[in-house]
Each structure stands twice: as structure tokens, then as C-alpha cells.
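Asker: Okay, sequence plus prediction incoming.
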Amino acid sequence: MRILLTGKNGQVGFELQRALAPLGTVIAVERSECDLESETSLRNAIRGAEPDIIVNPAAYTAVDRAESEVARAHAINAVAPGIIGTEAARRGALVVHYSTDYVFDGAASGWYDEQDAPNPQGVYGESKLAGEKSLAASGARHLIFRTSWVFGVHGANFAKTMLRLAAERDELKIVADQIGAPTSAALIADVTAHAIRKIQSDRNGSPDGIYHLAAGGETSWHAYARHIIETARRAGLPIRVAADAILPIATAEYPTPACRPANSRLNTAKLQKTFGLILPHWQRGLDHVLQQITRG
Ligand SMILES: NC(=O)c1ccc[n+]([C@@H]2O[C@H](COP(=O)([O-])OP(=O)(O)OC[C@H]3O[C@@H](n4cnc5c(N)ncnc54)[C@H](OP(=O)(O)O)[C@@H]3O)[C@@H](O)[C@H]2O)c1
């Protein structure tokens, strides 16, 4: 089995290099070898790789910058998944793609199901929703995993930013009225590999479409930051900020170019049932990543 993996240096792409390796020949490419902003580059990379499966974690993920780079975000997140889909459909290849909690407005009080109506509040969410639709319309067999609050050892993320700021500052103010589930890139990669294996062995049993893929439990950015910082303090990392100086604030007190959903909770029951998986609590994945970071 030949697997083309885009965005190999992103958080999820990096972990996918490891998780996909036992499944077959992984052709892992970065932007210089397969630029999602260029239709020619993208089609050439796919045709050259002759894949049976295309796994596409590459994306325009700068949520705030997307508000002023609308065309780029749209080309990479909305148009490219459709091109990948048309190439895959020609070859009979499966596409695995990733989307986001930001397709929702966050106004619901419970957990978002796959059939809940999206209503993105910003350019990034709009572009990712358009990408889901362009891939679905391509006619390719596909899985779309919507995930949330991704972190990992490799790449930039909230957890690493908190560790840096906690070492530099006497006080931190963190948004406490947005809730979701921090999800490790390793978990996303491992679930992807499991789903591919299941779909290959059981062609009729695992239907195409959208699945919510997030770690178990829920937290706020503020409680998440406290957990990161206190774990690092116990591990002996240089932490300057005192525990009682990590202050909760409202979203309104931290204005950003893009609106973010207040409720990012994704119901993962469909994925767990379809693929026979349990999604562990977010602290499990986080503590594992923090151990790797703190032990250098
Ligand atoms: N991060 C989150 O919190 C989060 C939350 C929900 C959903 N998601 C989704 O999860 C998936 C993986 O996210 P992630 O956190 O792994 O993202 P990431 O760490 O930001 O990595 C994105 C990757 O995409 C590549 N890329 C960007 N533009 C490209 C282009 N024009 N052509 C080719 N490659 C390009 C980047 O390459 P360079 O290294 O060259 O920039 C990078 O390797 C994405 O679909 C994202 O929308 C992420």
C-alpha cells in the first residue's frame, strides 16, 4: 500500500510519519515538494506518488492571520481538498482529511454531533468547512476527522507557548470562558492509522464521511494552562509565574482578529462506535507530551 502524506512537518503530519509507517510505503512530503496553494504542484505530487491513500494534515492553520489572508486560506483549506479528492477519485484512492471545531459557532450548550449545523465565525472556520464540502463533492472515498485544540511535542501550540510565558512572566491572564478538549497529535495519528487499517480490512463496515476526533473530557484554556504550568513546575522546569497569578479572564478581555467558539466540545461517540476505539482523557495525552518536553 502506498500512502502519500502531505504537511509532514506539522504537528499531526510529524506524528503521522510514525503512525502510518507500519501500513505500507509512506511518501511524506513538505510544502516545497507538494504546495497546496498550487494546483500544478499538488496534482504532480499526487500523480508522481501513485498513492492508494492520501492523508492530508497540511492546512493553513493561522486562525487570526486568515482574517487578512482570505485568498491563501481559501486556496489551501477549501480548494486543495477538492483537487486531492478529484485526483483520488480518478485512481480509486482513499483520502483522509482533517477539519476543526471552528466550523461551529460554539453557541450550543452541549456536545456537537457530526450532523449539527456548522456556522463558522471566521475565515479559517469557513475555509475548513468549504474544504470538507469540496472533498465530499469530489466523489473520492474519504474520511474527515474534525478535531480540536491540537498539541504535540513537534510544532507550535498553546502548551508550548504557556511553558515559555510561564518562565518569563510574573502574571498570566488566560481566557476561561472557552471550553474544549485538548487533543494530542499522536492520538490523532494513531486513530488515523487504526481507521485506515479497519477500512482496508472491512470495506463495507466503516462508512465514509465526517467523524469527530477529540480526546475525552473538557476544560477551559485557563484550567488547561494551569495544568500545564503546575505539571512543569513539579517536573522542575524553570517556572516564574506563581500558581495564584494565573488569572482567568473573559474572551471579551482578550480581543483577537478572529472570533473563536465558546463551546468547542465534539461528541466522539460515532467514531468510537464505528472504529471500536476509546478516546482517552485529554490529560493522558498532555502528560505524556509534557514528560517528553520536560525530560528534554
Ligand atoms: N492546531 C489546532 O489546534 C487544530 C485544531 C483543530 C483542527 N486542526 C486541523 O488539524 C490538521 C492538522 O493541524 P496541525 O496542528 O498539525 O497544523 P500545523 O502544525 O500548523 O501544520 C500544518 C502543516 O501544513 C503545512 N502547510 C501549510 N501551508 C501549506 C501549503 N501551501 N502547502 C503544503 N503544506 C502546507 C505546513 O507547512 P510549513 O511547515 O511549510 O508551514 C505544516 O507542515 C489541520 O487540518 C488543521 O486545520 C488543527
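Answerer: Noted; the coordinates are in hand.
Asker: Check this structure for the residue nearest the ligand and tell me.
Answerer: Taking Cβ to the nearest ligand atom, the ligand has its nearest neighbour within the chain at Gly10, 2.2 Å off. Just so you know, the C-beta spots here come from the backbone N, C-alpha and C atoms, and that holds for glycine as well.
Asker: Tell me who's in contact with the nearest residue to Ser68 once chain neighbours are set aside.
Answerer: Leaving out its chain neighbours, the residue that sits closest to Ser68 by Cβ to Cβ, 6 or more residues apart in numbering is Pro257, at 7.2 Å. Contact analysis of Pro257 by Cβ atoms under 8 Å, 6 or more residues apart in numbering lists Asp64, Arg65, Glu67, Ser68.
Asker: nearest to Gln283, of those?
Answerer: Closest approach between the contacts of Pro257 and Gln283, by Cβ to Cβ: Asp64, at 27.3 Å.
Asker: Contact partners for the closest one?
Answerer: Residues near Asp64 by Cβ under 8 Å, 6+ apart: Thr256, Pro257, Ala258.
Asker: try Gly209
Answerer: Counting by Cβ under 8 Å, 6+ apart, Gly209 touches Glu114, Ala136, His142, Leu143, Ile144.
Asker: make it 7 Å
Answerer: Listed by Cβ atoms under 7 Å, 6 or more residues apart in numbering, the contact partners of Gly209 are Ile144.
Asker: ok, it to Thr192 distance?
Answerer: The span separating Gly209 from Thr192 equals 15 Å under the rule Cβ to Cβ, to the nearest Å.
Asker: returning to what we had before: for Ala49, state which of the contacts of Asp64 is nearest.
Answerer: The closest of these, once distances to Ala49 are taken by Cβ to Cβ, is Ala258, at 33.6 Å.
Asker: In a helix, that closest one, correct?
Answerer: No - when DSSP: H, G, I helix; E, B strand; the rest coil is applied, Ala258 is found to be coil, with no helix at that position.
Asker: I'd like to know how many residues surround it.
Answerer: The tally of other residues near Ala258 (other Cβ atoms under 10 Å) stands at 17.
Asker: Same check on Ser201?
Answerer: Ser201 has 9 neighbouring residues, counting by other Cβ under 10 Å.
Asker: how distant is stretch 131-142 from the center of its chain?
Answerer: A distance of 18 Å separates the centroid of the chain from that of stretch 131-142, by Cα atoms, centre = their mean, to the nearest Å.
Asker: From the rest of the structure, what touches that stretch?
Answerer: Contacts of stretch 131-142 with the rest of the structure, by Cβ under 7 Å, 6+ apart, involve 77-79, 81-82, 84-86, 88-89, 93-95, 97, 99, 144, 208, 210.
Asker: Can you say which of the residues you listed are buried?
Answerer: Neighbour counting with 16 or more other Cβ atoms under 10 Å marks 77-79, 81-82, 84-86, 88, 93-95, 97, 99, 144, 210 as buried within the contacts of stretch 131-142.
Asker: of these, list those near the ligand.
Answerer: Applying Cβ under 6 Å from any ligand atom to the buried ones among the contacts of stretch 131-142, one finds that nothing falls near the ligand.
Asker: Which members of the residues you listed occur in strands, if any?
Answerer: Leu94, Val95, His97, Ser99, Ile144, Ile210 (DSSP state E).
Asker: Name whatever forms a beta bridge with the last one.
Answerer: Going back to what we said before, that points to Ile210. Applying DSSP bridges to Ile210 yields these beta-bridge partners: Ile144.
Asker: Adjust the sequence numbering to begin at 241 for everything that follows.
Answerer: Yep, numbering from 241; the last one is Ile450 now.
Asker: how about the residues of the chain near the ligand?
Answerer: Counting by Cβ under 6 Å from any ligand atom, the residues of the chain that sit close to the ligand are 246-247, 249-253, 270-271, 274-277, 297-301, 316, 338, 340-341, 368, 387-390, 395, 425.
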